[in-house]
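[1] please work out how this folds:
(one chain, ligands or ions: 1)
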Amino acid sequence: MTFLSERDSGSIASNAQVLELIDPGTEGHLEFIRRAHQRSTAAGLDTTAKVDIAPPAGNTLKELIEKNNRLKSCALPFMETLYEQVVNTHSMVLLTDASGTIIESLGDDDFLVKAQKVALAPGVTWSEEHKGTNAIGTALIEELPTVVHGQDHFLDVNRFLTCSAAPIFDPNGVAIGVLDVTGDYRSYHRHTMGLVRMSAQMIENHLFNSSFQDAIIVQFHQRGEFLGSVVEGAAAFSPGGKFLAANRAAMVQFGMSSNALKSHTFSSLFGMPLSALIDHYRTCNPIPLILCLHNGNQVTAKASLGSVGRGRIFDSVGLVKNNADAAVVQNQAPATQKANTTCQKSRHLSSLKYLNTGDNQVARIIDKVCKVIDKDIPILILGETGTGKEILAQAIHNDSPRQDKPFVAVNCASIPETLIESELFGYEDGAFTGAKKKGSQGRILQANGGTLFLDEIGDMPISLQARLLRVLQERVVTPLGSQKSIPVNLQVICATHRNLRDQITAGLFREDLYYRLHGLVVRLPALRERTDLEKIIQRILENESHNPRIQVSAEVMNAFTTHSWPGNIRQLTNILRTASVMTDEHEMIEWDHLPDDFLDEWRALRLDQQSTREAPSCAPVAPVEKHTPQVAQPARPQFNVRSNFSTETKGSGFQTKAVPASHAQQRNTGKANHSMFDVQVHRGQNTSAPARPVQQKANGLDQTFNKFREGRFDSWQSPAKTVGRDDFGSTTAQPPHRFKEDGFDARPYDARSQGYLGSRQAARTPVENPINLDDLESKAIQEALENCRGNVSAAARMLGISRNTIYRRLNSK
Ligand SMILES: Nc1ncnc2c1ncn2[C@@H]1O[C@H](COP(=O)(O)OP(=O)(O)OP(=O)(O)O)[C@@H](O)[C@H]1O
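    Coordinates of the predicted model:
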């Protein structure tokens, strides 16, 4: 028969398999004992050997106990409970260390005397090597619960004993000791083994919980009523979702050993993004979740967020915020230190410096933020979802003098409107009738002295905005049901992906609050706008992957760099996390390792891109196959690969003309509505030449967009000297936002006055060989960006359009 080990098998022994081995008389048990005897003989032991009962020398026992102090103190209460179950049955309860040396014993007096005679006493080693087949030593070798009964013992002197032992595993799956009940063989009872196994499991659970106080712990069971019981599964994850450890019941439910689980993450095991779990637990009274394990089994689960929940650790890079946390980490037992090195290692990374990965826009943001740190200036972080707003807020806090005080994050969008007031402001004892009688401090007071991060501030109910404004202005908070105002000292950082101005117009956001929050406003670029994608990927892999050498293949990197990343860094993190698990032991993330939903999105965006580029109907749309990424380029704008349009333009005399909307619509059915302008471009001389396909665009635009992406607007020289408006047939440098061409009065666009391209002169100009509207729209944006030195908000204001329109245009390049 196959012998099972919890350490080296891909799956762990099922209960039925274990029962087969521990039931004396069964075939499985006989074989199990035969093997142990073979090992004992091979070790040179003699069945008739006498027992050395001399007590351990000098300080050996004291040192042994000190070394195993944590195990002993965790196990003792459970040993006592176990002993209560077997008291007066001529038995004793024993605890050993990983070598099988007894470190604690409790027993009936009469039996303790007998046990002394065979050296069943603290300080004596009961490994197989020393004592031959015996429950303690054999359980350690097999790493399985073991019954060695009477004649099963290798040494004749021990054959009056019956022993039931279970190894105790630490949270990393390493056997660190054995719990054993030994008695007179005549007192054998099958149930004893069950009691021992359950007690060992309780000790392990206790060790587990005390080892991962800062981690995210998920407790789960297929039967919800078993949550909280000894058989509930518990798995610990780093703040970034990386698997750290699981208890025995979790391994059974996952059907994987501790080793096999090490390459997993929260999302690969539970099929849910960690961010969703965290969001769920940031609500006031989270209900248990129904999750689906990777093997399809449905479980009821609850979680504790550890440091994340206490507002100290927030991201995939495993950030520990303050020194107190570091102390907690350092005080932990050796077995858990490994699991926490990620946190320790990353501590220094939770800083603004860490976030500066080479993108100029981000560098400028960090520069600005550094200047206002601790200046009592509120910071408003804008940016699409997943761009790292929360990470930035945490880094600001960590780099501020408030770093040892709390960082409290409140997601205004995820807390139900009815609860947000009490969640934020707290409430007095008795403020509520019903169950919630006890008062609560509220998140604002919790953040006192530190930083309050109000995420998704745009979703804050308008009814509460006035109260928040008061807190910010008067620096006092008044809990619900209280007359007393409590002074608070806070750094407030807010974030939103919404356009707060639009919210104000729509009556959803108070203008006075907007201006109160409007201290330093920074906008984190979307991932597709950043120039440091490779560095970010490297960072994420360092933090997310179990394999330090893992890399992304050139093919996949190409897809990544050309993708538009609607979910930004969060999406990238999740994809890399999953992909690195899929690589198994390989060191290269290949196309096949990418999740299907990403491939679908990649394909969809790419096809969308192809259709919006108005490719000639005869142009083939390259199929995007999962295994042929090199054939198909995705939707991401190709800023640096286009085109020869501009060089040819000059020679061929391309000129731009504005035309009435109706003309444009006739030519661009269904497209004109999406454009800001109704324009045409005609060739001055070569009128017979066909209009160029849309994919061919002006070099000047390429360079403009490249500049924008690389954040080089700060050093932008006169456009005439650099990227040449020559490319458009004009070198007019002054006024900067004006360029003029023969037959075309191209003025800066003013949406309110319908200026720019709607000129009468343009409308009068004959139209020939029109080309697409996109280039002209882009050109106007280019002008505006140049004039505003890359400031998108200012450019948007200048053009009278939304920033989103600009981004959409940039992203379609
Ligand atoms: N510079 C970075 N390096 C590595 N990972 C990052 C970086 N910035 C963000 N992340 C990761 O991206 C994910 C999203 O980050 P974060 O929650 O800060 O974004 P967000 O903009 O606040 O999102 P939302 O608007 O949805 O709340 C997190 O897993 C975070 O760890």
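
[2] contact partners for the one residue in the chain that gets nearest to the ligand?
    Ranking the residues of the chain by distance to the ligand (C-beta to the nearest ligand atom) places G388 first, at 2.8 Å. C-beta coordinates here come from the backbone N, C-alpha and C atoms, glycine included. For G388, the contact set (C-beta atoms under 8 Å, 6 or more residues apart in numbering) comprises L355, L524, N568, I569.

[3] pull out the buried positions in stretch 555-572.
    Residues of stretch 555-572 classed as buried: 555-556, 559-560, 562-565, 567-572 (neighbour count, 16 or more other C-beta atoms under 10 Å).

[4] between those, which is nearest S164?
    R570 (50.0 Å; C-beta to C-beta).

[5] and that closest one, how far is that from E384?
    R570 sits 10 Å away from E384, taking C-beta to C-beta, to the nearest Å as the criterion.

[6] any idea of the mean pLDDT for the longest helix along the chain?
    As assigned by DSSP state H, the longest helix anywhere in the chain is helix 190-211. Mean pLDDT, helix 190-211: 90.

[7] any idea which helix or strand comes after that helix?
    Following helix 190-211 in sequence order, the next helix or strand is strand 216-221 (DSSP states H and E).

[8] name the residues of the helix or strand following that following strand that are buried.
    On the C-terminal side of strand 216-221, the nearest following helix or strand under DSSP H and E is strand 233-237. Neighbour-count burial for strand 233-237, counted by 16+ other C-beta under 10 Å, picks out G233, A234, A235, A236, F237.

[9] who does the third one bridge with?
    Residues found in beta-bridge contact with A235 (criterion: DSSP bridges) are V218, A246.

[10] ok, now which ones touch it?
    I217, V218, F220, F243, L244, A245, A246, N247, A250, F254, L261, L269.

[11] and which of the residues you listed is nearest to G519?
    Nearest member of the contacts of A235 to G519, counting by C-beta to C-beta, is I217, at 37.6 Å.

[12] ok, and what's touching stretch 41-55?
    61, 116-119, 121, 123, 128-129, 132, 154-157.

[13] meant to ask about stretch 258-268
    In contact with stretch 258-268 (C-beta under 8 Å, 6+ apart) are residues 6-8, 10-11, 169, 172-173, 216, 218, 235, 237, 241-243, 245-246, 251, 254, 256, 269, 272-274, 277, 294, 544, 546, 574, 577-578, 581, 584.

[14] who in the chain is up against the ligand?
    Residues of the chain lying close to the ligand (C-beta under 6 Å from any ligand atom) are 315-317, 355, 383, 385-391, 455, 495, 497, 536, 539-540, 569-570, 573.

[15] ok, V93 touching E84?
    No. Judged on C-beta atoms under 8 Å, V93 makes no contact with E84 at a distance of 9.7 Å.

[16] and the two? which has more neighbours close in?
    V93 (27 against 10; other C-beta atoms under 10 Å).

[17] okay, and the beta partners of the more buried one?
    L106, V181.

[18] give me every residue that touches it.
    M79, L82, Y83, V86, S105, L106, G107, L179, D180, V181.

[19] reformat the residues you listed as CSV; add pLDDT.
    As requested, the contacts of V93 are exported to CSV (pLDDT from 0 to 100):
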residue, pLDDT
M79, 94
L82, 93
Y83, 93
V86, 89
S105, 93
L106, 93
G107, 91
L179, 97
D180, 97
V181, 96
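
[20] what's the most distant pair in those residues?
    G107 and L179 (13.6 Å).

[21] what sits closest to T578 if chain neighbours are left out?
    P595 (5.1 Å; C-beta to C-beta, 6 or more residues apart in numbering).

[22] same deal with S485?
    In space, S485 is closest to V476, 4.0 Å off (C-beta to C-beta, 6+ apart).

[23] near the one you found, how many other residues are there?
    13.

[24] can you name the residues bridging to it?
    Beta-bridge partners, per DSSP bridges, of V476: P487.

[25] surely it touches P487?
    Yes. Counting by C-beta under 8 Å, P487 is a contact partner of V476 at 5.4 Å.

[26] what's the spacing between the closest residue to R523 other than its chain neighbours and L452?
    Closest residue in space to R523, ignoring its immediate chain neighbours: L382 at 4.3 Å, by C-beta to C-beta, 6+ apart. Using C-beta to C-beta, L382 is found at 18 Å from L452.

[27] these two: which is more packed in?
    The neighbour comparison of L382 against L452 (other C-beta under 10 Å) goes to L452, with 28 against 20.

[28] residue contacts, the more buried one?
    Applying C-beta under 8 Å, 6+ apart, the residues near L452 are V408, V410, R443, I444, L490, Q491, V492, I493.

[29] now do the SS call for the fourth one.
    Secondary structure of I444, reduced to three states by DSSP: H, G, I helix; E, B strand; the rest coil: helix.

[30] and the pLDDT at it?
    Reported pLDDT for I444: 90.

[31] correct me if wrong: it contacts E423.
    No. Counting by C-beta under 8 Å, no contact exists between I444 and E423, whose distance comes to 9.5 Å.

[32] more neighbours: which of those two?
    I444 (26 against 20).

[33] in contact with C370, which residues?
    C370 neighbours (C-beta under 8 Å, 6+ apart): L352, D399.

[34] in the stretch 201-350 of the chain, what spans have low per-residue confidence?
    279, 282-286, 307-350 (pLDDT under 70).

[35] ok, L155 to Q298 distance?
    L155 is 50 Å from Q298, by C-beta to C-beta.

[36] show me where pLDDT drops low in the stretch 601-750 of the chain?
    608-750.

[37] report how many residues lie close to R186.
    Neighbours around R186, by other C-beta under 10 Å: 9.

[38] when you give positions from now on, start the count at 97
    Let's use 97 as the start, then, which means that last one is R282.

[39] can I assume R166 sits in a helix?
    Yes. Counting by three-state DSSP, R166 is found in a helix.

[40] looks to me like T258 is in a strand.
    Yes. Under three-state DSSP, T258 falls within a strand.

[41] that one pairs with what?
    Counting by DSSP bridges, the residues bridging with T258 are H245, G279.

[42] what sits against it?
    Counted by C-beta under 8 Å, 6+ apart, T258 has contacts V243, V244, H245, G246, T278, G279, D280, Y281, S283, Y284.

[43] between these, which is closest to C884?
    Out of the contacts of T258, the member with the shortest distance to C884 (by C-beta to C-beta) is V243, at 79.9 Å.

[44] and the residue nearest to the closest one when sequence neighbours are not counted, how far is that from T288?
    Distance criterion C-beta to C-beta, 6+ apart; nearest residue to V243, sequence neighbours excluded, is I118 at 4.6 Å. According to C-beta to C-beta, I118 and T288 sit 10 Å apart.

[45] which neighbours do these two share?
    Contacts common to I118 and T288, judged by C-beta under 8 Å, 6+ apart, are S260.

[46] if we can go back for a sec, of all the contacts of G484, which comes closest to A880?
    L620 (21.4 Å).

[47] how far away is that closest one from N305?
    Distance from L620 to N305, by C-beta to C-beta: 37 Å.

[48] more neighbours: these two, which one.
    The neighbour count for L620 versus N305, taken as other C-beta under 10 Å, is higher for L620 (26 against 17).

[49] residues contacting that one?
    V458, I461, I477, L478, G479, E480, T483, G484, K485, L488.

[50] do you know the pLDDT at it?
    Confidence score, pLDDT, at L620: 96.

[51] got a markdown table for the contacts of V189, with neighbour count too?
    A markdown table is the format used below for the contacts of V189 (neighbours: other C-beta atoms under 10 Å):
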| residue | neighbour count |
| --- | --- |
| M175 | 20 |
| L178 | 24 |
| Y179 | 18 |
| V182 | 23 |
| S201 | 20 |
| L202 | 19 |
| G203 | 22 |
| L275 | 30 |
| D276 | 28 |
| V277 | 29 |
